[in-house]
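Participant: Task: produce atomic coordinates for the following.
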Amino acid sequence: MARVDRLRVYPIKGLDGIDLERAEFVAGGTLTFDREFALVDASGDVVNGKRTTRVHDIETEFDPESGELAVESDGGDRRQFDLENEREAAEDWFSEVFGLELTLERDRSLGFVDRREMGPSVISTATLETVAAWFDDLTVESVRRRMRANVEISGVEPFWEDRFVGSGTPSFVADDVRFDGVTPCGRCVVPKRDPDTGEALPEFQRRFVEKRRETFPEWADGDAFDHYYTLMLIADVPERYRDRTLEVGDSVEIVEK
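Facilitator: Residues are numbered from 1 along each chain as shown. Next up is the predicted model:
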């Protein structure tokens, strides 16, 4: 049976994710706590994995109940900050680690997602397992951390999420929350890298594209994909569903729009 198997959000954009058992939606349609904070330099540019491999040298743990953030640098400097009351101290720590003057900005209504008009990202467990099998040294958890999806669906076939983009495609509901597919997710440099070390896997993109082309589902709308370096669905949760709660274990069904 198809179900929600995992909910993962990334409290600070570009840094580590946390797993949730249940998640609500913010006004803009993304999951609560997802990219709620971002490190921003003096020019207004966000620090993320596309910009620097330094993000892989930092471990973070965020407690959504208390709002406390634990951080540790590759040098072993471990700190803890209450982000309601100690954000400036956290900014000083990150500034020192990155060697930049940084502020820790917050957006409770939408978060700092790349696609501001869209909602959660979705992938199937079978897709992650399939991609991991393409590479000798990758585990499913490593692929999961490289792809950084919000909602993971089990009990479905590989690339199940591809069916929700293109002409005349259906939607899906998780319990009573509807997801409409918007676009497949073109990938950047981040999936090539080991999530812990930042070391790039040689030939990752070439092999990924090759295998993605070979295994592209016959039932998917190829015209909705600009290229094969694409994996994961970016979805939209219509506004009337945003007052509902998504939970691990929720049953998933495909529905017509």
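Participant: Residues contacting the longest strand along the chain from elsewhere in the structure, which ones?
Facilitator: Ordering each strand of the chain by length in residues (DSSP state E) puts strand 177-186 first. Here strand 177-186 makes contact (C-beta atoms under 8 Å, 6 or more residues apart in numbering) with 115, 118-122, 151, 161-165, 169, 171-173, 224-227, 229-238, 241, 244-246, 250, 255, 257. Heads up, the C-betas are built off the backbone N, CA and C, glycines and all.
Participant: In PyMOL, how would I select the buried members of those?
Facilitator: To isolate the buried ones among the contacts of strand 177-186 in PyMOL, judged by 16 or more other C-beta atoms under 10 Å, type:
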select buried, resi 118+119+120+121+122+151+161+162+163+164+165+169+171+172+224+225+229+230+231+232+233+234+235+236+237+241+246+250
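Participant: Mind checking which of the contacts of strand 177-186 land in helices?
Facilitator: Nothing among the contacts of strand 177-186 maps onto helices, per DSSP state H.
Participant: can I have stretch 199-210 written out in CSV, keeping just the CAs?
Facilitator: Taking C-alpha atoms only, stretch 199-210 is exported to CSV below (Å, rounded to 0.1, in the frame of the first residue of the first chain):
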residue,chain,number,x,y,z
GLU,A,199,33.9,15.1,-2.0
ALA,A,200,32.4,14.8,-5.5
LEU,A,201,31.8,11.3,-7.0
PRO,A,202,33.6,11.1,-10.3
GLU,A,203,31.4,10.7,-13.3
PHE,A,204,28.3,11.0,-11.1
GLN,A,205,26.3,13.2,-13.6
ARG,A,206,27.3,11.2,-16.7
ARG,A,207,26.3,7.9,-15.2
PHE,A,208,23.1,9.3,-13.6
VAL,A,209,22.0,10.8,-17.0
GLU,A,210,22.8,7.5,-18.8
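Participant: the strands in the stretch 101-250 of the chain, which residues?
Facilitator: For the stretch 101-250 of the chain, the strands defined by DSSP state E, counting those that start in this stretch cover 102-106, 121-124, 151-154, 171-174, 177-186, 230-236, 246-247.
Participant: Adding distance to residue 26 and mean pLDDT, write those strands out as a markdown table.
Facilitator: Formatted as a markdown table, the strands of the stretch 101-250 of the chain follow (distance: least, C-beta to C-beta, whole Å; pLDDT from 0 to 100):
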| stretch | distance to residue 26 | mean pLDDT |
| --- | --- | --- |
| strand 102-106 | 12 | 97 |
| strand 121-124 | 15 | 98 |
| strand 151-154 | 15 | 98 |
| strand 171-174 | 17 | 98 |
| strand 177-186 | 14 | 97 |
| strand 230-236 | 14 | 97 |
| strand 246-247 | 12 | 98 |
